[in-house]
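Peer 1: Provided below for reference: sequence and predicted model.
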Amino acid sequence: MPHAIRVHETGGPENLVWDEISVANPDVGQARIRQTAVGVNYIDIYFRSGLYPQPLPFIPGREAVGVVEAVGPDVTSLKAGDRVVYSGVQGAYTEVRLAPVDRLIKLPDGINDDVGAAMMQKGMTAWFLCRQTYKVGKGDTILVHAAAGGVGLVLCQWAKALGATVIGTVSTEEKAELVKAHGCDYPLIHGKDDFVKVTREVTGGVGVPVVYDSIGKDTFMRSLDCIRPLGLMVLFGTASGPVPPFDISILDKKGSLFLTRPTQNAYLPNRAKVEEGAQEVFDVVQSGAVKVHINQRFALKNAADAHRSLESRKTVGSLVLVP
């Protein structure tokens with residue numbers, strides 16, 4: 001019998017339980033996958049902690065690579081033996097699973113399993129952030145918080161490849177060196193560098209057209225001071241906690257700013273968008289424009305240790321679970 005990590009009660013990493021499960025034969029529109037590598041993302045912590053409610057019990061995780069074992073009776077696009085990758089599909093922390101075929105993408109031969117599992121959720125997020133939410137282009141200067149994180153590191157490289165100047169915030173000197181080597185022109189350290197002051201200096205006092213913030217409470221309000229008039233604040237995570245309620249008129253006072261809270265569900269509503277985003281992710285990875293930095297690997301059954309490492313905010317790049 002296969003095993004999976006399940007959450008029976010929300011809370012800390014100790015609530016990630018190694019359970020034996022059963023997996024049925026695939027039905028219409030489904031494939032059964034034996035997984036070879038599973039990605040870990042901060043959103044997994046939101047579900048585990050209960051910040052994002054989910055019916056209990058549930059299997060966390062939203063991205064993985066695996067080999068198709070069987071397909072549903074109506075499926076013609078995939079066959080047993082195909083190597084596939086997916087993101088945005090809850091239930092990835094498992095050895096074997098059923099998955100909707102319309103979210104499965106064949107993984108190119110030039111991308112190995114670990115990289116595939118580490119890049120899809122983060123890569124698809126970086127894709128819609130810099131290609132859809134705000135189209136980063138040559139001559140732009142942007143600010144990326146948590147630049148050494150999984151999404152941040154991909155976003156810095158992708159924005160640089162698009163011709164942007166990248167200002168990034170990190171928590172340590174080690175992370176500053178890492179992001180500098182991965183497309184960040186101005187790595188800034190929280191508690192040492194004033195990111196508002198530097199951003200204003202770099203942009204000649206004008207401000208940036210967009211701030212990408214996955215930290216939340218600790219950075220949100222000061223980030224508004226970094227944005228030029230009619231610029232965009234993109235809040236796509238809350239690693240330091242939710243942003244407290246605030247008077248929306250502050251957006252007017254700081255230059256008629258725009259604010260958005262984007263999600264994959266909104267930007268990847270159908271198969272066509274999934275294929276579009278995946279192809280662009282594959283292209284930038286295979287071209288070398290974006291290098292996927294895998295910092296740590298854990299056995300799937302030790303997912304709690306992976307969560308502890310990620311929550312410490314001491315990790316750089318991506319974490320992968322190995323079934």
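Peer 2: Sure thing, it's come through. Numbering: from 1, shown residues only.
Peer 1: Mind jotting down where the helices sit in the stretch 1-150 of the chain?
Peer 2: 42-49, 113-128, 150-161 (DSSP state H, counting those that start in this stretch).
Peer 1: Could you dump those helices into CSV with mean pLDDT and mean neighbour count added?
Peer 2: No exception for glycine: its C-beta is placed from N, CA and C like everyone else's. Shown next, in CSV, are the helices of the stretch 1-150 of the chain (pLDDT from 0 to 100; neighbours: other C-beta atoms under 10 Å):
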stretch, mean pLDDT, mean neighbour count
helix 42-49, 94, 21
helix 113-128, 94, 26
helix 150-161, 95, 26
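Peer 1: between those helices, which one is nearest to Thr238?
Peer 2: Among the helices of the stretch 1-150 of the chain, the nearest to Thr238 by C-beta to C-beta is helix 42-49 (8.0 Å).
Peer 1: packing partners for that closest one?
Peer 2: Helix 42-49 makes packing contacts with helix 303-311 when contacts are defined by 3 or more C-beta pairs under 8 Å, 6 or more residues apart in numbering; DSSP states H and E.
Peer 1: Who are the packing partners of the helix it packs on?
Peer 2: Taking 3+ C-beta pairs under 8 Å, 6+ apart as the contact cut, helix 303-311 packs with strand 16-20, strand 30-40, helix 42-49, strand 294-299, strand 318-322.
Peer 1: between these, which gets nearest to Asp225?
Peer 2: So among the helices and strands packed on helix 303-311, helix 42-49 is nearest, using C-beta to C-beta, at 24.9 Å.
Peer 1: Show residues contacting the closest one.
Peer 2: 7, 10-13, 15-16, 51-52, 54, 58, 60-62, 90, 93, 121, 149-150, 214, 237-239, 307, 310-311 (C-beta atoms under 8 Å, 6 or more residues apart in numbering).
Peer 1: Give me the angle between it and helix 150-161.
Peer 2: Per axes from the mean of the first three to the mean of the last three C-alpha atoms, to 10 degrees, the angle that helix 42-49 makes with helix 150-161 is 160 degrees.
Peer 1: Let me know the angle separating helix 42-49 from helix 303-311.
Peer 2: Going by the same axes, to 10 degrees, helix 42-49 makes 120 degrees with helix 303-311.
Peer 1: Also compute the angle for helix 42-49 relative to strand 30-40, please.
Peer 2: 100 degrees.
Peer 1: Which residue ranges of the stretch 201-323 of the chain form helices?
Peer 2: Using DSSP H, counting those that start in this stretch, helices in the stretch 201-323 of the chain cover 220-223, 250-253, 264-267, 271-286, 303-311.
Peer 1: ok, the residue lying closest to Val243 once chain neighbours are set aside - contacts?
Peer 2: Once flanking residues are discounted, Val243 sits nearest to Phe220: 4.6 Å by C-beta to C-beta, 6 or more residues apart in numbering. Phe220 makes contacts with Asp213, Met233, Leu235, Val243, as judged by C-beta under 8 Å, 6+ apart.
Peer 1: count of residues packed around the spatially closest residue to the first one that is not a sequence neighbour?
Peer 2: Leaving aside its chain neighbours, Asp213 sits nearest to His145 (4.7 Å; criterion: C-beta to C-beta, 6+ apart). Residues contacting His145 under the criterion other C-beta atoms under 10 Å number 28.
Peer 1: Isn't Gly255 up against Ile227?
Peer 2: Yes: proximity of Gly255 to Ile227 meets the contact threshold set by C-beta atoms under 8 Å, at 6.8 Å.
Peer 1: Overlap of the contact sets of those two?
Peer 2: Gly207.
Peer 1: about what we covered before: export the helices of the stretch 201-323 of the chain to JSON lines and tack on distance to Ser22?
Peer 2: Formatted as JSON lines, the helices of the stretch 201-323 of the chain follow (distance: least, C-beta to C-beta, whole Å):
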{"stretch": "helix 220-223", "distance to Ser22": "44"}
{"stretch": "helix 250-253", "distance to Ser22": "51"}
{"stretch": "helix 264-267", "distance to Ser22": "28"}
{"stretch": "helix 271-286", "distance to Ser22": "28"}
{"stretch": "helix 303-311", "distance to Ser22": "20"}
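Peer 1: Run a quick neighbour tally on the spatially closest residue to Gln35 that is not a sequence neighbour.
Peer 2: Once flanking residues are discounted, Gln35 sits nearest to Gly66: 3.8 Å by C-beta to C-beta, 6+ apart. Number of residues near Gly66 (other C-beta under 10 Å) recorded here: 30.
Peer 1: Quick check, central residue of the protein?
Peer 2: By C-alpha atoms, centre = their mean, the chain has its centre lying nearest to Lys122, at 3.0 Å.
Peer 1: Next one: that one from Lys253, what distance?
Peer 2: 34 Å (C-beta to C-beta, to the nearest Å).
Peer 1: who are the neighbours in contact with Gly110?
Peer 2: Gln286.
Peer 1: nearest spatial neighbour of the residue of the chain most remote from its centre, skipping sequence neighbours?
Peer 2: In the chain, Pro73 marks the outermost C-alpha relative to the chain mean, sitting 32.8 Å out by C-alpha atoms, centre = their mean. Leaving aside its chain neighbours, Pro73 sits nearest to Val28 (6.4 Å; criterion: C-beta to C-beta, 6+ apart).
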